[in-house]
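# Dropping the sequence and predicted coords here.
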Amino acid sequence: MEVRIYYEDTDCGGVVYYANYLKYFERARTEYLESRGWSVASLMEQGTVFVVVHAEADYRSPARYGETLVIETMVSDMTAASFTFAHVVKDKASGRVVVEGAARLAVTDGNGKVKRLDKTMVAALQPPPQPS
């Protein structure tokens, strides 16, 4: 997924404000799910809500106004009722790593009660098989 950096994304020094990376991670997770046929809105309507229970970010290099970032997203860990997305954010032009981060999401019923991941969702969240 790509994100273009606008003035509103930056601090007074023209560098992306650190908290905005969490928003970019959220967008990337939504895109990841939707690219695999899972609409977050539809899941919510069906009683499946994901809640972030842990998030982290390691800032490697500043991103600045006018740059375009590429966010690589994958599922790095999965349990019966949670999964972790790993994110690597790179500058599109140079390929330099800007931020690496992760977020663990718990699966709930919308009322805060933890529930198991559906088997079809477990299969959809897995990375595609690599050619031999």
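Happy to help now that I have it.

# Next secondary structure after the longest helix seen in the chain?
Longest helix in the chain, counting residues (DSSP state H): helix 20-35. Once helix 20-35 ends, the next helix or strand along the chain (criterion: DSSP states H and E) is helix 40-45.

# list the buried ones in that next one?
By 16 or more other C-beta atoms under 10 Å, the buried positions in helix 40-45 come out as Leu43. C-beta coordinates here come from the backbone N, C-alpha and C atoms, glycine included.

# Now do it: which elements does it pack against?
helix 20-35, strand 49-59 (3 or more C-beta pairs under 8 Å, 6 or more residues apart in numbering; DSSP states H and E).

# try it again with 6 Å
Helices and strands touching helix 40-45, by 3 or more C-beta pairs under 6 Å, 6 or more residues apart in numbering; DSSP states H and E: there are none.

# What is the distance between that helix and the centre of its chain?
Relative to the centre of its chain, helix 40-45 is centred 17 Å away, using C-alpha atoms, centre = their mean, to the nearest Å.

# what do you get for stretch 9-18?
Distance, centroid of stretch 9-18 to centroid of chain: 20 Å (C-alpha atoms, centre = their mean).

# which other residues reach that stretch?
Outside of stretch 9-18, the residues within contact range by C-beta atoms under 6 Å, 6 or more residues apart in numbering are 5, 20, 62-65.

# again, 7 Å this time
5, 20, 59, 62-65 (C-beta atoms under 7 Å, 6 or more residues apart in numbering).

# Of those, which belong to helices?
Asn20.

# Identify the farthest-apart pair in the contacts of stretch 9-18.
Largest separation among those by C-beta to C-beta: Tyr59 and Tyr65, giving 16.7 Å.

# hmm, back to that, tell me which of the contacts of stretch 9-18 is nearest to Ala41?
Of the contacts of stretch 9-18, the one sitting nearest to Ala41 (C-beta to C-beta) turns out to be Asn20, at 23.0 Å.
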